[in-house]
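Q: Give the three-dimensional model of this entry:
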Amino acid sequence: MSIGAENHVSEHKPLLPTTSSDVKTEDQPHKLLGISCVALSAVCFSLMSTMLKYNTYTMTSVEAIFWRSIVAMALNYACIWYNGKSLYVAPEDRMMLFYRCLAGFSSISFAFYAVSQMVLADASTVVFTSPVFTFFLGACVLHERIDIPSFACALLSFGGLLCVVRPAFIFGNDHATAHTDGSWIAIGSALLGAIGQAFVFISVRKLKSIHFLVIVHYFMLFSVIGSLLYMVLVQRVRCPWTLLLVVLELMLVALRYSWCLRPLASGWLSSVVACSRL
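A: Residues are numbered from 1 along each chain as shown. Here you go, the predicted structure:
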């Protein structure tokens, strides 16, 4: 090739690297998507609390947890199947997932009991202080930075909490709303529910490598087992054997198709599923 031809070829080469239009870039979610999901979750929780308050006139809070969890688990599993997600959880994430399920079940148990014993607005206000506890836990566990305005607003929110709880040693017992104030057990349960939600948020942050539908699946499964054991062992509720077998079938099917128990699925687990159908 002659020198003139080489110069002609080099002139057609771009001086800077160019990006091809065929390269597909991953779409970034909108900045307001996260806070919109949190706001929508709060609205759904308010609707659920209203329905729960109505249901507690005919059932206990633990029974409400059981039926809520079993329906939610079925719907969530349908979403997992539709999206083609795997239920496999890496061994290093299983202990943190267990802590998330335990904190979530404890939180919802305390919160449901508080809703059943207190005025709905007061119970919801106390439970919704969980972002404040999450703020402090995030600083302690995740080492997130705390600025002075946020810290002042967090302390101010506890002042508003006192106005909702109305403790007797500050407000006395002769005010107009004394007969509607919840007991200290109910108020303490609401606070424990808020603290439990804070631990849930922290654990979910630690489990960001796992799909959220998978986290919800195991949480609902844990809630079904925990509430069922409480009803049978503590409340002495006489559940029909048909209902127990249906619940056992759902739990075993969920465990069978979870890849974290894959070595047992073909042997022991299949035998148990077959025995549950007898």
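Q: what residue ranges in the protein score low on pLDDT?
A: In the predicted model, the chain carries pLDDT under 70 at residues 1-27, 167-182, 237-278.
Q: ranges for the helices of it?
A: Counting by DSSP state H, the segments of the chain that form helices are 3-11, 33-55, 61-83, 91-117, 120-127, 130-141, 148-165, 168-171, 184-206, 212-233, 241-256, 262-265, 268-276.
Q: Output these in CSV, with mean neighbour count appended to each entry.
A: Using the backbone N, CA and C atoms, a C-beta is placed for each residue, glycine as well. As requested, the helices of the chain are exported to CSV (neighbours: other C-beta atoms under 10 Å):
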stretch, mean neighbour count
helix 3-11, 9
helix 33-55, 13
helix 61-83, 17
helix 91-117, 20
helix 120-127, 21
helix 130-141, 17
helix 148-165, 12
helix 168-171, 11
helix 184-206, 20
helix 212-233, 19
helix 241-256, 14
helix 262-265, 13
helix 268-276, 13
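Q: Quick check on residue 56: phi, psi?
A: Per-residue torsions, residue 56: phi -70, psi -10 (degrees, to the nearest 10).
Q: What of the one 4 residues further on?
A: In terms of degrees, to the nearest 10, the main-chain angles of residue 60 are phi -80, psi 170.
Q: Contacts only, for it.
A: Residue 60 makes contact with 116, 235 under the criterion C-beta atoms under 8 Å, 6 or more residues apart in numbering.
Q: again with residue 112
A: 52, 61-62, 64-65.
Q: Give me the distance between the spatially closest residue to it that is not a sequence neighbour and residue 67.
A: Spatially, and ignoring its direct neighbours in sequence, residue 112 is nearest to residue 61 (3.9 Å; C-beta to C-beta, 6 or more residues apart in numbering). Taking C-beta to C-beta, to the nearest Å as the measure, residue 61 falls 11 Å from residue 67.
Q: returning to that earlier point: just put the contacts of residue 112 in JSON lines and tack on distance to residue 125.
A: Converted to JSON lines, the contacts of residue 112 look like this (distance: C-beta to C-beta, whole Å):
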{"residue": "52", "distance to residue 125": "15"}
{"residue": "61", "distance to residue 125": "18"}
{"residue": "62", "distance to residue 125": "23"}
{"residue": "64", "distance to residue 125": "20"}
{"residue": "65", "distance to residue 125": "21"}
